[in-house]
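In: generate a structure from the sequence data that follows.
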Amino acid sequence: EDVYLGIPQGLNLDKKTHCLKLKKAIYGLKQAPLAWYKRLTTWLLNVGFTSSLSDPCVFHCSTESPTRLFFHVDDIAVFGKDVTPFKNQLKSEFDVKDMGDAELMLGIQVIQIPEGLVLSQAHYIESLLVLYGMENCWPVATPMVPGFHLTEASLGQQEAFKNLKVNYRSAVGSLSYLSTATRPDISFAVSLLSQFLELPGIKHWRAFLHVLRYLRVWKTRKQPTVSLSTAEAEYKALTDLTTELLWLRQFIEELSLGLINFPIDVFSDNQACINTANSDSNYNNRRMKHVEIQLHFIREVINQKKIRVTYVPTHDMLADFMTKSIGRTALNRCLGALNVLCLRARGDVEINTTDE
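Out: Numbers count the residues shown, from 1 in each chain. The predicted model follows:
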């Protein structure tokens, strides 16, 4: 794509009859990101790296000492037992700065502990608390009171909120970033708050502040279609999960992190959904005909032994906190089983072994 510039001051050219044609990408123009991506990836391929089919920003090099990397714009993270040779190659081609061991990537703290790595956004949470004047607030045990429901705001509640002169959409967006990256425990609360972005009221703002009080101590979205039964809703969710698992399976095998030659267990508390998925019959009753493609997809993946759908009682469902507000005991049990650690706002790691 040709890009033309106006004549800058200092050049003795008629601005009415002349312009400048850009010969190479300039930082800040819309063409620059793609130009940089092509420049970097071409070089990586030339030095022996292979691009991941699952993620175009992930590359791997299978040598005696495998090296893997991912990049976001001009931030590059490199993984391997000995990455010094690659870093020297990179420095010989580009003007780069070696930041040492990763401590902060894309706004996420990387904390190294003996057991492995901890991903934290405690510093981000602290900045949110300060921004909304909640740094000294009294903490609460759950992101939302169990059984709590939000409804549309009355005109009076909307007026009361407007008097606060705060941006509700921006506030909820800041929580959405957290829930997607490192805090799946607030997924349901964020999903509920997001339903009232157009006409928020004072009660919605108080619910937002309640989440901040919880934070002081995932991608959730509503289905775009209306489900006619709970089994159908479960089937849509199962389809979404299966596509994610197939992507993750391919990604792991691509990077030579392991060969998954066994079915991945998928747990559901809906017997009707499980029975339909595991059925060998191609016959679907009239109530399920409109999701027939999804049915065939799930059954095919099950027959290929890539997933196995099994029943788990509702009270043992570890993802329960992502779809409803639950009590502290149940929340701690779910988070503990999912290896989500309790992080203090100042950033240290505390492994919670009690279930109070």
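In: all contacts plus neighbour counts: C-alpha atoms, from now on.
Out: Fine.
In: the closest residue in space to P313 that isn't next to it in sequence: how many residues sit nearby?
Out: Nearest residue to P313 in three dimensions, chain neighbours excluded: D269, at 5.5 Å (CA to CA, 6 or more residues apart in numbering). D269 has 16 neighbours, counted by other CA atoms under 10 Å.
In: where are the low-confidence patches of this structure?
Out: The chain contains residues with pLDDT under 70 at 1, 217-232, 280-295, 341-356.
In: which other helices and strands does whatever helix or strand L245 lives in contact?
Out: According to DSSP states H and E, L245 maps onto helix 230-254. If you count contacts as 3 or more CA pairs under 8 Å, 6 or more residues apart in numbering; DSSP states H and E, helix 230-254 packs onto helix 271-278, helix 292-303.
In: can you say which of the ones you listed is nearest to L241?
Out: L241 sits nearest to helix 292-303 of all the helices and strands packed on helix 230-254, at 10.3 Å, using CA to CA.
In: state the next helix or strand along the chain beyond the closest one.
Out: Downstream of helix 292-303, the first helix or strand assigned by DSSP H and E is strand 307-311.
In: the spatially closest residue to V211 that is not a sequence neighbour and H18: what is the separation?
Out: Distances taken as CA to CA, 6+ apart put P143 closest to V211, at 4.7 Å, once the chain neighbours are dropped. Distance, P143 to H18, using CA to CA, to the nearest Å: 61 Å.
In: also K81?
Out: From K81 to H18 the distance is 56 Å (CA to CA).
In: how about A32?
Out: From A32 over to H18 the distance is 24 Å, taken as CA to CA.
In: swap in L259?
Out: Applying CA to CA, the value for L259 to H18 is 61 Å.
In: hang on, the earlier thing: residues in contact with the residue nearest to P313?
Out: The contact partners of D269, by CA atoms under 8 Å, 6 or more residues apart in numbering, come to Y311, V312, P313, T314, M317.
In: that older thread, which one of P143 and H18 has more residues nearby?
Out: Taking neighbours as other CA under 10 Å, P143 and H18 compare with P143 leading, 27 against 11.
In: that one: which element?
Out: P143 belongs to no helix or strand, assigned by DSSP H and E.
In: that one reaches H210, doesn't it?
Out: Yes. At 6.6 Å, P143 and H210 qualify as touching, with contact defined as CA atoms under 8 Å.
In: show me what stretch 79-90 is in contact with.
Out: With contact meaning CA under 8 Å, 6+ apart, stretch 79-90 is reached by S65, P66, T67, R68, L69, V96.
In: try it again at 10 Å.
Out: With contacts defined as CA atoms under 10 Å, 6 or more residues apart in numbering, stretch 79-90 is touched by 40, 43-44, 47, 60-61, 65-70, 78, 92, 96-98.
In: those strands in the stretch 101-250 of the chain, which residues are they?
Out: Taking DSSP state E, counting those that start in this stretch to define them, one finds strands in the stretch 101-250 of the chain at 104-105, 108-113, 116-120.
In: mind checking the ones you listed for the one nearest to L5?
Out: That would be strand 104-105 among the strands of the stretch 101-250 of the chain, by CA to CA, at 35.1 Å.
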